[in-house]
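[1] Fold the following for me, if possible:
(2 chains)
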Amino acid sequence: AQSVTQPDIHITVSEGASLELRCNYSYGATPYLFWYVQSPGQGLQLLLKYFSGDTLVQGIKGFEAEFKRSQSSFNLRKPSVHWSDAAEYFCAVGGRTNAGKSTFGDGTTLTVKP
Amino acid sequence: DVKVTQSSRYLVKRTGEKVFLECVQDMDHENMFWYRQDPGLGLRLIYFSYDVKMKEKGDIPEGYSVSREKKERFSLILESASTNQTSMYLCASSLGLDTQYFGPGTRLTVL
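    Residues are numbered from 1 along each chain as shown, chains lettered A, B, ... in the order given. Modelled structure (predicted):
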């Protein structure tokens, strides 16, 4: 069965500092990987996704993520965090064996200090 | 842009009531999903529909049913609401294996 682990429940960074959110997945076939962001009281919005090709993917709002098959990881990064990045972040894995479904991690809440 | 709308942002119901949560998407997506979101538990899939009148149980279907009579609309039904069904409910739609597009959520309180 597939699973996603986001080891950090809560992360606090200062505005302007760099950010890395960790994601480890377990999936028996070629994974399709996603990062979503959820602002307070809102639904989830896609930040970026990886299906194949270049293992470093760029997303919206200046985020990027790197797929590392050997480590079963898909960590999200941003070089300089803005106060508006405070939100909850979800990593998800899907693929052909899932028939359109994705398995989500439990999320990481990001707090940005001024 | 894909738009997924949910019938209510906030809903308060009494124990034992029948509750309908409606979701509509405007992008002709074949897949639609209902999740519930609780603090510390992430998103848990309740039901998934991959076509009109086709449905599949998710991880936590007990106490819920769904209806998909038209491609754009996916309804979640709580046959007899209970207090442990107080939660945030999120609807999503997708095309094939690609990105899921989420609605704004319905925060349901059962008293």
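
[2] Spell out which residues of chain B are next to chain A.
    Neighbours of chain A within chain B, by CB under 8 Å from any CB of the partner chain: B:4, B:30-31, B:33, B:40-43, B:45, B:48, B:50, B:58, B:90, B:92, B:94, B:96-105. The C-beta positions use only the backbone N, C-alpha and C, and glycine is treated the same way.

[3] now with 6 Å?
    Residues of chain B lying near chain A by CB under 6 Å from any CB of the partner chain: B:Asn31, B:Gly42, B:Leu43, B:Phe48, B:Leu90, B:Leu97, B:Thr99, B:Phe102, B:Gly103, B:Pro104, B:Gly105.

[4] So which of those are in strands?
    Members of the residues of chain B next to chain A lying in strands (criterion: DSSP state E): B:Asn31, B:Gly42, B:Leu43, B:Phe48, B:Leu90, B:Phe102.

[5] Of all pairs in those residues, which one spans the longest distance?
    Farthest pair in those (CB to CB) is B:Asn31 and B:Gly42. Separation: 19.5 Å.

[6] Kindly report the residues of chain A close to chain B.
    Counting by CB under 6 Å from any CB, chain A sits next to chain B at A:Tyr32, A:Gln42, A:Gly43, A:Leu44, A:Leu46, A:Gly94, A:Gly100, A:Lys101, A:Phe104, A:Asp106, A:Gly107.

[7] which stretches of chain B have low pLDDT?
    Applying pLDDT under 70 to chain B flags the ranges B:2.

[8] ok, now which ones touch the residue of chain B found nearest chain A?
    The minimum distance from chain B to chain A, using CB to the nearest CB, falls at B:Phe102 (3.4 Å). Each residue near B:Phe102 by CB atoms under 6 Å, 6 or more residues apart in numbering or on different chains is listed here: A:Gly43, A:Leu44, B:Leu90, B:Ala92.

[9] One more: A:Ala86?
    A:Ala86 makes contact with A:Leu110, A:Thr111, A:Val112, according to CB under 6 Å, 6+ apart.

[10] By neighbour count, which of those wins?
    Neighbour count (other CB atoms under 10 Å in any protein chain shown) singles out A:Leu110 as the most crowded of these, with 21 neighbours.

[11] how much space between that residue and A:Leu21?
    7 Å (CB to CB, to the nearest Å).

[12] Report the secondary structure state of the residue most central in space within chain A.
    The residue lying closest to the centre of chain A (CA atoms, centre = their mean) is A:Trp35, at 3.4 Å. Secondary structure assignment for A:Trp35 (DSSP: H, G, I helix; E, B strand; the rest coil): strand.

[13] Run through the bridge partners of it.
    A:Leu48, A:Cys91 (DSSP bridges).

[14] Pretty sure it sits against A:Leu48.
    Yes: contact criterion CB atoms under 6 Å: A:Trp35 and A:Leu48 qualify, at 5.5 Å.

[15] Find residues that contact each of the two.
    Joint contacts of A:Trp35 and A:Leu48 (CB under 6 Å, 6+ apart) are A:Ala65.

[16] list the contacts for A:Arg22?
    A:Pro7, A:Asn75.

[17] could you measure it against B:Thr15, distance?
    Counting by CB to CB, the gap from A:Arg22 to B:Thr15 is 40 Å.

[18] Check the burial of the residue of chain A found nearest chain B by counting its neighbours.
    When scored by CB to the nearest CB, chain A has A:Gly43 as its residue closest to chain B, at 3.4 Å. Neighbourhood size, A:Gly43 [other CB under 10 Å]: 21.

[19] Mind listing the residues bridging to the residue lying closest to it once chain neighbours are set aside?
    Closest residue to A:Gly43 apart from its sequence neighbours, by CB to CB, 6 or more residues apart in numbering or on different chains: B:Phe102 at 3.4 Å. Under DSSP bridges, the beta-bridge partners of B:Phe102 are B:Ala92.
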